[in-house]
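Chemist: Turn this into a model:
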Amino acid sequence: NNSYQLSSVPLQIVFYVNGIYYIFYFLATLAMIVYKCQVFSYPHEFLAPDLALLFVMAILELLRLYLGSMGNLTEEEAPLALSLVIMVGSVILSVYFLVWQTYVLKADVIINAVLLFTYGIESVLQVIAIATFFG
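Modeler: All right, here's what the predicted structure looks like:
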């Protein structure tokens, strides 16, 4: 019977901060897409996919943060590992918005770089937590 806590407080804090940051990221990216539609000749055939990918990313983030947080708090490896797998999709989408979307503004570069940085910190803490739970 383990009477001591294995769940990671730093990881839980990073999940929380990432959740708050992602709300900002989502709204900022959405606002910039609207801005780009107004200012640039945004090709309409790219508008729907860019918006769709942003919403897919938001769903992945909700799922990823929920599974990661629950896995950490219940000290279970599986949800934490699944959260890491989902993060791969989030990273790919962040790189899409960083490099491949129709127009990339300096603000896009900054907010995606911050997001990728938080993913890096979070993934290291998740791997450590999974190793701790297995131990």
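Chemist: what kind of secondary structure is Leu6 in?
Modeler: Taking DSSP: H, G, I helix; E, B strand; the rest coil as the rule, one finds Leu6 in the coil state.
Chemist: pretty sure it is touching Thr132, no?
Modeler: Yes: under the criterion of C-beta atoms under 8 Å, Leu6 is in contact with Thr132, at a separation of 5.3 Å. Where you see a C-beta, it was placed from the backbone N, CA and C, and this is true even at glycine.
Chemist: more neighbours, those two?
Modeler: When neighbours are counted by other C-beta atoms under 10 Å, Thr132 comes out ahead of the other of Leu6 and Thr132, with 14 against 11.
Chemist: which ones are touching the more buried one?
Modeler: 6, 8 (C-beta atoms under 8 Å, 6 or more residues apart in numbering).
Chemist: State the helix or strand in which it lies.
Modeler: Thr132 is part of helix 106-134, with elements assigned from DSSP states H and E.
Chemist: how far out from the middle of the chain is that helix?
Modeler: When distances are taken as C-alpha atoms, centre = their mean, to the nearest Å, helix 106-134 is centred 8 Å away from the chain's centroid.
Chemist: Next one, pLDDT for Lys23 please.
Modeler: For residue 23 the amino acid is Ile, not Lys. Looking at Ile23, its pLDDT reads 98.
Chemist: For it, give me the backbone phi and psi.
Modeler: Its backbone dihedrals place Ile23 at phi -60, psi -50, with angles given as degrees, to the nearest 10.
Chemist: burial measure for it, as a count.
Modeler: 12.
Chemist: With the one 4 residues further on instead?
Modeler: Leu27 sits with 10 neighbouring residues when counted by other C-beta under 10 Å.
Chemist: Work out for me the element it sits within.
Modeler: Leu27 belongs to helix 9-39 when elements are defined using DSSP H and E.
Chemist: what angle do that helix and helix 106-134 make?
Modeler: Helix 9-39 and helix 106-134 meet at an angle of 160 degrees, taking axes from the mean of the first three to the mean of the last three C-alpha atoms, to 10 degrees as the criterion.
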